[in-house]
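**Q** With the input below, show me the fold.
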Amino acid sequence: MVSVSPPVWQRFPKPDLEEWIYTDPLDPLDATEITSTKMEQSAVRTILLRQGLELQVVEMPFSQESSRGIAEDVDDGVEFHFHIQGQHDDELTEVGDREFCIWGSGLFPKRRKYAPEQQALEVSLWVEGEVLRSMLLNESGELPREVAHWLRSEDELCYARVGKVTPALERVLWEIVRCPWQGMQKRLFLESRALELLSLMMGWEQAIQGHKAIQKLPAGTRERLHYARELLLQNLHEPLTLEQLAQRSQISECTLKQGFKQEFGRTVFDYLLDYRLEQAREMLERGTMQVAEVMASVGLKNRSYFAAAFRQKFGQNPKQYQQQFWHFQKKD
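**A** Down below sits the predicted model:
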């Protein structure tokens, strides 16, 4: 193993034991830090794609409950931090399983970071302020309104916000984690995925602001929509039609379709499929059922459709996911 100097990205105190190795023998800007302490084991891979643009993949096969201090600092850049698995929280954010957070530039206050005993798999994208400006400034020399708050002055508290990892984000994250190439082909592939993450984050900010601008639904309508959702999920094996849902919820089909998407962020049957897939994922992770049994338990009958939908959402076929998850559990 060849030792290398630590990359630019270091936010935490050095652990008791560390070793830097080249992850890719064809790329000196791709290194992994292997750490082992009394509290945790981890592999932190950092790829410097270009000056001011870095990817980081953190894998913790085993980590005990931990709490560590984070020094007060001033950053001129934005970190997009995604959890495929794992959680942690501090005074600014609480990030759970399949969630992400954005930490913008500005004052990064002194605080403590807590993580429970867990396995974790995380991906982070770091974009320096000047790099972000060079890519996003408009003709007036300003950042687009929806992302201007990402970059704040050094005397302002940094922007911090948490969101859910969408299927589109999850697909890109798994492509980064599983990138099979080396050298220049790998660098071009990963930079394209880093820019796709940035694009999706801009879209998320636009959607958040657009959602705020939408007039809120009347309380009575929202109550009926939530009842419709309960009816939908209570009938996984024999889903109600839109007409039946509307009748039982005492709203029109038009209000059901438009209001459901506004209230829950997706159409009625997209919501149902997503719920089924999430339930299937949890069953597969427990490892007590075969794939066919899991599929039947969530009300799906076509194995090819189930496999395709699961692969689109989670990046793997159900069987591969189950095997990969238990492999990940046993690695330590």
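
**Q** Show me the strands in this structure, by range?
**A** 18-22, 30-36, 40-50, 53-63, 66-70, 73-75, 77-85, 88-89, 94-95, 99-103, 106-108, 111-115, 118-128, 160-164 (DSSP state E).

**Q** Tell me which of those strands lies nearest to residue 192.
**A** Counting by C-beta to C-beta, residue 192 lies closest to strand 40-50 out of these; the figure is 9.9 Å. Where you see a C-beta, it was placed from the backbone N, CA and C, and this is true even at glycine.

**Q** Quick one: list the elements packing against the closest one.
**A** Counting contacts by 3 or more C-beta pairs under 8 Å, 6 or more residues apart in numbering; DSSP states H and E, strand 40-50 is packed against strand 30-36, strand 53-63, helix 183-213.

**Q** what is residue 45 paired to in the beta sheet?
**A** Assessed by DSSP bridges, residue 45 has beta-bridge partners residue 32, residue 57.

**Q** Neighbours of it, how many?
**A** Using other C-beta atoms under 10 Å, residue 45 is surrounded by 20 other residues.

**Q** so who does it touch?
**A** If you count contacts by C-beta atoms under 8 Å, 6 or more residues apart in numbering, residue 45 has them with 23, 30, 31, 32, 33, 56, 57, 58, 59.

**Q** where does the stretch 1-150 of the chain have low pLDDT?
**A** Applying pLDDT under 70 to the stretch 1-150 of the chain flags the ranges 1-18, 38-40, 62, 69, 72, 74, 111.

**Q** swap in the stretch 201-332 of the chain?
**A** The model of the stretch 201-332 of the chain has pLDDT under 70 over residues 210-215, 325-332.

**Q** And the helices in it, which stretches?
**A** Under the criterion DSSP state H, counting those that start in this stretch, helices of the stretch 201-332 of the chain are mapped to 219-234, 242-249, 253-264, 268-286, 291-297, 303-314, 318-330.

**Q** Show me what the second one is in contact with.
**A** When you say that, I think you mean helix 242-249. Taking C-beta under 8 Å, 6+ apart as the rule, helix 242-249 contacts 224-225, 227-228, 231-232, 240, 252-253, 255-257, 268.

**Q** which of the residues you listed are buried?
**A** 224, 225, 228, 232, 240, 255, 256, 268 (16 or more other C-beta atoms under 10 Å).

**Q** can I get the residues you listed in a markdown table with distance to residue 296?
**A** Formatted as a markdown table, the buried ones among the contacts of helix 242-249 follow (distance: C-beta to C-beta, whole Å):
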| residue | distance to residue 296 |
| --- | --- |
| 224 | 31 |
| 225 | 29 |
| 228 | 25 |
| 232 | 19 |
| 240 | 19 |
| 255 | 33 |
| 256 | 28 |
| 268 | 22 |
